Each structure stands twice: as C-alpha cells, then as structure tokens.
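Chemist: Can you look at this prediction? I've put the sequence above it.
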Amino acid sequence: MTRTEQSPTAAGSGASATQAFRASQPQGTAESTSPERVSAVVKALLDGVHEAIRTEQVTYTEFQAAKQWLIEVGEGGEWPLLLDVFVEHAVEDVASRTQRGSKGSILGPYYLPDQAKLPAEATLPMRPDEKGTPLVFAGQVRDAAGRPVSGAELDLWHADDEGYYSGFAPHLPEGNLRGVVTADEQGRFEVITIQPAPYQIPTDGPTGKLLEAAGWHPWRPAHLHLIVRAPEHRPITTQLYFEGGQWLDSDVAGATKPELVLNPQPHGDGWLRSEYDFVLEPEN
Ligand code: MBD
Ligand code: FE
C-alpha cells in the first residue's frame, strides 16, 4: 500500500474530491454558457486580478511563485477543495437571494450521492466502536404554508470524531456517517449519529501550504451537511453548526450563519439532542 492509501493525506482526499466532482457533473454545462456571459464574467474576474496586482505591486518573483502553486493545486487534485473553501460562499450568497425557505450554506467538496436509504427514525451507518458524543438530531420538514412535507428526504453527511469524511479518507468504511433519511407522514425525522469534530484543511497539500504561508488557520467549525429535498420543492443545501463550537467565528470557508447554529441539550447518559426544523419553498 502507498501512504495515500493508508492515511488521509491531502493527495488522497484531493484526488478523491476531484473524482467525485467530475462524476457529479452533467455533460455540457460549459458549452451552454453564452459568449456574452463568458466574456462578462471572465472580464470582471481578470479586472479583479489586474487590480490586485497593481494595488499590491506584485513582482515577477511573486507572479512565478503563484504560477508554480496553481500548477500544484491541479496536480494535487485540490481545485474542488480550494474553490469550495475560498469561493463557494460567494456563489451561495448570490443563490440565496432568491431563497425564501430555510437558510442554505455551501455544499463543499465531500458530498457523495446514492448513500444508504434510512427510515424516519434511524441511526447513521457507523463503525461498532465509532468515537464521539452520541447525538440525536430531530425535527420536522414543513412547506412555506407551515404544512408538514410528508416523505421529505434528508441527505446527511458529516465528519467523524477526528474530522475525517468517509470516501475521502482511506481508513474509513464506505458510507460511514452518511445516509438519506426519509421523513414520516408528518415530515418528522429523528436521527442518531455522533457529534463531528472540527475539520482541518490538509496541511500537506497546496491549499494547506497557502494557509500556512499567509498565516491563516486551516479550520472549519464542526458541522453537519444536509441536502433537504421533496418533490415539487426547491431543495436546500445547508450546514448546521454547534453553539459554542471552536472556529464558529472564523470559519476558513466563511460558510457559517447565525440561523444555522444548533444548541444541543444533554439527553440522558452523556448523549446530546438537538432539534431543527426545515422550511421548503415551492419549486420556481
Ligand atoms: C469541508 O468539510 C467543507 O464542508 C468545506 C465547505 C470545505 C472543506 C471541507
Ligand atoms: Fe464539511
């Protein structure tokens, strides 16, 4: 076995994230963008780059270092990680302007489709000795008029107690801490899982190298990822954080919102329980 197969290195998770992203993309997305649109967006982007170069009086040495680093981002398969950490929150901001249901947040690089289908009361797939504080996550999905959305789906995924995601860290079983929960007739769900740890950007890859070079910390606060969907409703991609959690005020990915913070309460013998309700708006 090579090192990347045994331990969750940047190269391992980066390559997997690139593969997962490619597999998730419908064909023809780029081809369908009009020349006018490409021209407008790329011009604005380049204007921003040129402006930064002039303002900061960027030197040839710095320009060539940047080129070298960008090549490494591609070679390490870290484009999904880098873009989701530093750019996606602005795209989500634009998308959310037309969103009236529950607040959304960024998808990030570690979503995997087609996970285990689970009933409304379920335990996420986990190892028999899964570490971490047990957490009951319960709530209800309603529509904009306050009616329960029967049979809504919660596609749920999160890191383990060491901050690693299954599918992107070779020591974890496939599908660990991932599942698609179908809510009951009342739109209710109750899921048993464990509280995830904060996530650290791998320090041994180009994204980590940039963070270190800039003196920025590499952390995201602990979070649950969700896509909540139901027929004829606009799906919500979101994340939920934990009250008092470290890095909540300085998420490296800039993806926290005050509405997305859970406040879990003690629930029996060392367990936590948290409730969160979702509101889905009609499609279009
Ligand atoms: C994550 O776990 C994540 O959610 C995002 C957005 C970026 C990097 C790692
Ligand atoms: Fe995440």
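Modeler: It's in. Ligands and ions are numbered 1, 2, ... in the order given.

Chemist: Between its first and last residues, how far does stretch 93-105 reach?
Modeler: Taking C-alpha to C-alpha, to the nearest Å, the span from the opening residue of stretch 93-105 to its closing residue is 8 Å.

Chemist: Buried ones in it, by neighbour count?
Modeler: Applying a neighbour-count criterion of 16 or more other C-beta atoms under 10 Å, one finds Gly101, Ser102, Lys103, Gly104, Ser105 buried in stretch 93-105. Heads up, the C-betas are built off the backbone N, CA and C, glycines and all.

Chemist: Tell me the secondary structure at the first one.
Modeler: Here Gly101 is coil, with the state taken from DSSP: H, G, I helix; E, B strand; the rest coil.

Chemist: can I assume it is in contact with Pro235?
Modeler: No. With contacts counted by C-beta atoms under 8 Å, Gly101 stays clear of Pro235, the gap being 9.6 Å.

Chemist: Residues in contact with both of these two, list them for me.
Modeler: Taking C-beta atoms under 8 Å, 6 or more residues apart in numbering as the contact rule, the neighbours common to Gly101 and Pro235 are Leu280.

Chemist: Do you have the helices of the stretch 51-200 of the chain handy? List them.
Modeler: Secondary structure of the stretch 51-200 of the chain (DSSP state H, counting those that start in this stretch): helices at 60-75, 79-86, 88-96.

Chemist: Give the other helices and strands that the longest one contacts.
Modeler: Helices and strands touching helix 60-75, by 3 or more C-beta pairs under 8 Å, 6 or more residues apart in numbering; DSSP states H and E, are helix 206-214.

Chemist: Buried ones in the helix it packs on, by neighbour count?
Modeler: For helix 206-214, the neighbour count (16+ other C-beta under 10 Å) marks Pro206, Thr207, Gly208, Lys209, Leu210, Leu211 as buried.

Chemist: from the stretch 51-200 of the chain, which residue is nearest to ligand 1?
Modeler: Closest approach of the stretch 51-200 of the chain to ligand 1 (C-beta to the nearest ligand atom) occurs at Gly108, with a separation of 2.9 Å.
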